[in-house]
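Chemist: give me coordinates for this.
(one chain, ligands or ions: 1)
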Amino acid sequence: MTDTPVSKIDYTEKIPNNIDLATDRRLQRALESWQPDFLDWWRDLGPEVFGQDEVYLRTATAVGRDGWAHFDYVRMPEYRWGIFLAEPEPGRVISHGEHAGQPVWQQVPGEYRSDLRRLIVVQGDTEPASVEQQRHLGRTAPSLYDLRNLFQVNVEEGRHLWAMVYLLHGYFGRDGRAEADLLLQRNSGDLDSPRILGAFNERTPDWLAFFMFTYFTDRDGKFQLGTLKESAFDPLARTCTFMLREEAHHMFVGTTGVQRVLERTAALMVEHDTEDVYPHGGIPLDLIQRYLNFHFAVSMDLFGSELSTNAANYFSSGLKGRWNETRRADDHRLLDAVAARETVRDGRLAVDEVPALSALNLDLRNEYVADCARGVKRWNQALAAAGLPHRLTLPHDGFCRRVGGYSSAHITPAGQLVDAASWDRGQQHWLPTPEDRLRVAELMRPVYEPGRFAGWIAPPPTGINNQPVDFEYVRIT
Ligand code: BYC
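Modeler: Reported below is the predicted structural model:
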């Protein structure tokens, strides 16, 4: 394995990279033999239909902070998926855990091999899963602008898969190669061979679900990558640092997507003086809230249990840090620290004190919830700007959970513990109903004329890469 990366990305290679792949023949051969399987998977389970169409896409050309991307028309199967790591940080030392202060590792220590592999596999599994979940959405895009954003997200999730496969092939030998093959064999929603984490087996059937997914579920990606970026295993840290740069656009798609839906809904509510905007071609606010509740809850499950010895071990051994680890003003070891955890006790919600080291999934989840709340605040400003008193809210952390301490109880969005009968009665008000799904599906008609937008969503204020909003973002042949 070479440890001397170059910052410029070499596009003359079969697999573009900035890791000097040509000097490591074994790794190069391994990756080149995986590449056709990836392309087969992309053809079979990647975006439907659009193989010959030209899409105005961003491709990474360097890994520095500025000017790292190039925009041009690309046929998606010809997209240059590659392996890009952020620049090495000279003298970087481990930021947390029992090895804090020691130099970071360029190779995988034997004792952490299986834990590290597990983390990389779980991360890698989510990337192709999301592409599979979004496979059909191109048929019903509300505009060429949105269609292009969907494809940008898809090709970059494909690249993030490459990022994890590079680590598996480069550092985990034969079992790493076997895991890389399995990443293409498990599929979202497959009964026999599902994706590893729950949210990645849910459907993303329509564009409202897509925007909620990119807001809530991609945001789990942002926070998990933020902890892996602190890893003592430097190749993983540098890989995740660069992935986070691409991830920012995915956050943008979710935040602005929901915002534009809301703006349109608000405009229709004001224009027709009614909450029932569906007959006027809009998505009603209460339905948007139910989608929000669902996507928030399944994304909260992605953080695992509030108390987790896995999480404690990952932290102590240096494999996974905390969000903003280096900016935290504590000892970065947490041996005596405590944290507050809400739990269900004797039929009530109660807060207790737990060892901080065991509560690291909760620590990350709390950071995530605070970040989610910022978006909701922004969306509510759109409602306020339209002169409406209505507001969206994040449900309680315990709402509709299948993982962790809340999963044994029924908790309403407002945070009330209820019995099974009340839960069953309430569900139709709190979670998308079959009728909601049908109504949204009815509105999902493709609009593929430059500058035109479906009636349920407002146009964005600006285009991509300084192009006008009515730019031909996808040339459909
Ligand atoms: N569904 O000790 P616990 C992204 C399993 S998203 C099913 O509480 P731990 C992206 C768990 O694996 C970011 N199973 O969990 C977004 C464990 O199983 P084992 C993805 C679940 O280990 C959008 C057992 O339950 N990256 O990038 O502390 C588009 C006990 O659990 C679930 C990562 O997640 C679930 N929801 O924490 C594209 C980072 N939750 O080991 C991309 C890497 C838990 O006993 N992963 N389980 O068989 C991790 O750090 C941890 O594995 C987790 C779980 C945070 C996921």
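
Chemist: next up, phi/psi of the residue nearest to residue 165 when sequence neighbours are not counted, please.
Modeler: Take residue 165 and drop its neighbours on the chain: the residue closest to it by Cβ to Cβ, 6 or more residues apart in numbering is residue 180, 4.5 Å away. Bear in mind the C-beta positions are built from the backbone N, C-alpha and C, glycine included. Per-residue torsions, residue 180: phi -60, psi -40 (degrees, to the nearest 10).

Chemist: next, count neighbours for residue 443.
Modeler: 19 (other Cβ atoms under 10 Å).

Chemist: separation between it and residue 454?
Modeler: 7 Å (Cβ to Cβ, to the nearest Å).

Chemist: what's the answer for residue 168, then?
Modeler: With distances taken as Cβ to Cβ, residue 168 is found 41 Å from residue 454.

Chemist: between the two, point out the one with more neighbours.
Modeler: Shown here are residue 168 and residue 454; by other Cβ under 10 Å, residue 168 has more neighbours (24 against 18).

Chemist: double-check the more buried one against residue 181; I have them as touching.
Modeler: No. Residue 168 is beyond contact range of residue 181, at 9.6 Å (criterion: Cβ atoms under 8 Å).

Chemist: so what's the residue count around residue 453?
Modeler: Around residue 453 there are 19 residues (other Cβ under 10 Å).

Chemist: mind checking the SS state of it?
Modeler: Put simply, residue 453 is coil when judged by DSSP: H, G, I helix; E, B strand; the rest coil.

Chemist: give the contact list for the closest residue to the ligand within the stretch 301-450 of the chain.
Modeler: Using Cβ to the nearest ligand atom, the single residue of the stretch 301-450 of the chain nearest to the ligand is residue 304, 2.7 Å away. Residue 304 makes contacts with 310, 311, 361, 403, 404, as judged by Cβ atoms under 8 Å, 6 or more residues apart in numbering.

Chemist: roughly how far apart are the closest residue to residue 271 other than its chain neighbours and the ligand?
Modeler: Nearest non-adjacent residue to residue 271, counting by Cβ to Cβ, 6+ apart: residue 280, 7.6 Å away. According to Cβ to the nearest ligand atom, to the nearest Å, residue 280 stands 33 Å off from the ligand.

Chemist: now swap in residue 214 and tell me
Modeler: As judged by Cβ to the nearest ligand atom, residue 214 and the ligand stand 8 Å apart.

Chemist: what sits closest to that residue if chain neighbours are left out?
Modeler: Counting by Cβ to Cβ, 6+ apart, residue 214 lies nearest to residue 254, which is 3.3 Å off, once chain neighbours are set aside.

Chemist: tell me where the stretch 1-150 of the chain has strands.
Modeler: For the stretch 1-150 of the chain, the strands defined by DSSP state E, counting those that start in this stretch occupy 54-60, 69-75.

Chemist: and the ones you listed, which is most packed in?
Modeler: strand 54-60 (a mean of 21; mean count of other Cβ atoms under 10 Å).

Chemist: so what are the sheet partners of that strand and their directions?
Modeler: Strand 54-60 pairs in its sheet with strand 69-75 (antiparallel), strand 474-475 (antiparallel), by DSSP bridges.

Chemist: wait, which of these is closest to residue 40?
Modeler: strand 69-75 (16.7 Å; Cβ to Cβ).

Chemist: close to the ligand, is the one helix or strand residue 296 maps to?
Modeler: Element membership for residue 296 (DSSP states H and E) is helix 285-300. No. Figure legend: helix 285-300 not in contact with the ligand (Cβ under 6 Å from any ligand atom); closest approach 7.9 Å.

Chemist: count the neighbours of residue 435 for me.
Modeler: By other Cβ under 10 Å, 10 other residues sit near residue 435.

Chemist: tell me if it really is in a strand.
Modeler: No. Read with three-state DSSP, residue 435 is helix and lies in no strand.

Chemist: next one: it from residue 205, what distance?
Modeler: As judged by Cβ to Cβ, residue 435 and residue 205 stand 14 Å apart.

Chemist: cool, and residue 382?
Modeler: For residue 382, the distance to residue 205 (Cβ to Cβ) stands at 25 Å.

Chemist: neighbour count: these two, which is higher?
Modeler: Taking neighbours as other Cβ under 10 Å, residue 382 and residue 205 compare with residue 382 leading, 21 against 17.

Chemist: near the ligand, which residues of this structure are found?
Modeler: 119, 122-123, 126-127, 130, 157, 197-198, 217-218, 220-221, 224, 301-305, 308, 310-311, 361, 403.

Chemist: how about residue 30: what's its closest non-neighbour residue?
Modeler: residue 169 (4.6 Å).

Chemist: and what about that neighbour, helix, strand or coil?
Modeler: Classification of residue 169 using three-state DSSP returns helix.

Chemist: what is the burial count for residue 300?
Modeler: 26.

Chemist: so residue 181 makes contact with residue 37?
Modeler: Yes. The pair residue 181 and residue 37 passes the contact test of Cβ under 8 Å, sitting 7.1 Å apart.

Chemist: so what's residue 250 up against?
Modeler: Residues counted as contacts of residue 250 (Cβ under 8 Å, 6+ apart) are 153, 156, 214, 218, 221.

Chemist: just give me the closest of the residues you listed to the ligand.
Modeler: The ligand lies nearest to residue 221 out of those, by Cβ to the nearest ligand atom, at 2.9 Å.

Chemist: what's the helix or strand containing the closest one in contact with?
Modeler: Residue 221 is located in helix 218-228, with elements delineated by DSSP H and E. With Cβ under 8 Å, 6+ apart as the test, helix 218-228 has contacts from 119, 123, 126, 130, 153, 199, 236-237, 240, 243-244, 247, 250-251, 254, 299, 302-303, 320-325, 364, 367-368, 371-372.
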